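Enquirer: sequence unknown, structure follows:
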């Protein structure tokens, strides 16, 4: 049984954004009987893990959080949430799993192809989870390279391939290892354009806020999201025409 324990991470000197504080308030609202545990520099020994130590020194705090979330889940069990996750219902129906997570999905506005990938922004497990152990073991020997960053989602993808989990946004379960849910359960937004994709199954929404980014990078992220949305709505050719027209008007 997965314990009623929520983990989240916040590393680095920046303060927690107001949007993240509102999302965390929704955790208290819909998960009133869950313990909520913050992990940061003061209670996670990132210096003991070469990958996390190098990521912290490089100011890549999201990659420190990748390691921290896996250790917290493996050692304590519970549910990990990114700080930009908004709760809409309780996780109680999923606590019977040994481990659960979900897919993220979106329409690529450039290729018009529907993509489906693993995600690590919402996941839960019992302590000693075999999946978390597999990921934890990889981080023990993984070298941090700021020029060639490896995300936790990439590690998930590799493990999914090894266990024949198909990236098709359909519920799949390997007993004793993991149950993977469709994107509308936990990641009810288009991964590219961030259009909302709620359903009767939606428990929470990952808002893709990029809270680990600095201000300039976050502005660039918002610009890319807007362009992706325009391409989805108007098509690539029409969106280029609109962008060119707007640029001429502002010259």
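Expert: Noted; the coordinates are in hand. Predicted model, so just to flag it, every value in this text is computed and none were measured.
Enquirer: which one's the longest strand in this protein?
Expert: Criterion DSSP state E: the longest strand present in the chain is strand 99-107.
Enquirer: Show me where the chain has its strands.
Expert: For the chain, the strands defined by DSSP E cover 5-9, 35-39, 78-81, 85-87, 99-107, 114-118, 122-125, 172-174, 178-181, 204-206.
Enquirer: packing partners for the fifth one?
Expert: What it means is strand 99-107. strand 114-118, strand 122-125, helix 130-141, strand 178-181, helix 183-186 (3 or more CB pairs under 8 Å, 6 or more residues apart in numbering; DSSP states H and E). Yep, even glycine has a C-beta here, placed from its N, CA and C like the rest.
Enquirer: Could you export the ones you listed to TSV, including columns for mean pLDDT and distance to residue 55?
Expert: Shown next, in TSV, are those (pLDDT from 0 to 100; distance: least, CB to CB, whole Å):
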stretch	mean pLDDT	distance to residue 55
strand 114-118	90	20
strand 122-125	98	20
helix 130-141	96	10
strand 178-181	98	25
helix 183-186	97	25
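Enquirer: related to what we said a few turns ago, of the strands of the chain, which is nearest residue 153?
Expert: Proximity to residue 153 (CB to CB) singles out strand 114-118 among the strands of the chain, at 5.3 Å.
Enquirer: Listing request: residues of the stretch 51-200 of the chain with sub-threshold pLDDT.
Expert: For the stretch 51-200 of the chain, the stretches with pLDDT under 70 are 108-112.
Enquirer: so which of the helices and strands packed on strand 99-107 is the most packed in?
Expert: strand 122-125 (a mean of 26; mean count of other CB atoms under 10 Å).
Enquirer: Relative to the whole chain's centre, how far out is that one?
Expert: On the basis of CA atoms, centre = their mean, to the nearest Å, strand 122-125 sits 11 Å off its chain's mean C-alpha point.
Enquirer: And stretch 175-186, by the same measure?
Expert: On the basis of CA atoms, centre = their mean, stretch 175-186 sits 14 Å off its chain's mean C-alpha point.
Enquirer: try stretch 24-41
Expert: For stretch 24-41 - counting by CA atoms, centre = their mean - the centre lies 17 Å from the chain centre.
Enquirer: Quick one: mean pLDDT over that stretch.
Expert: Stretch 24-41 shows a mean pLDDT of 98.
Enquirer: List the buried residues for that stretch?
Expert: 24, 27, 30-31, 34, 39-40 (16 or more other CB atoms under 10 Å).
Enquirer: Residues contacting that stretch, please?
Expert: With contact meaning CB atoms under 8 Å, 6 or more residues apart in numbering, stretch 24-41 is reached by 4-11, 56, 65, 68-69, 72, 76, 78-79, 81, 83, 86-91.
Enquirer: do the same with stretch 4-11
Expert: 16, 24, 27, 31, 33-41, 44, 46, 56, 61, 64-65, 68-69, 72-73, 76-83, 95.
Enquirer: Show me those that map onto helices.
Expert: 24, 27, 56, 61, 64-65, 68-69, 72-73, 76 (DSSP state H).
Enquirer: Kindly present the buried residues of stretch 24-41 as CSV, with separate columns for distance to residue 106.
Expert: Output for the buried residues of stretch 24-41, formatted as CSV (distance: CB to CB, whole Å):
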residue, distance to residue 106
24, 25
27, 25
30, 25
31, 27
34, 29
39, 28
40, 31
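Enquirer: Can you name the two of those that sit furthest apart?
Expert: Top of the distance list for those (CB to CB): 30 and 40, 23.8 Å.
Enquirer: ok, the residue nearest to the spatial centre of the chain to residue 54 distance?
Expert: The chain has residue 121 as the residue nearest its centroid, 2.6 Å off, counting by CA atoms, centre = their mean. Using CB to CB, to the nearest Å, residue 121 is found at 23 Å from residue 54.
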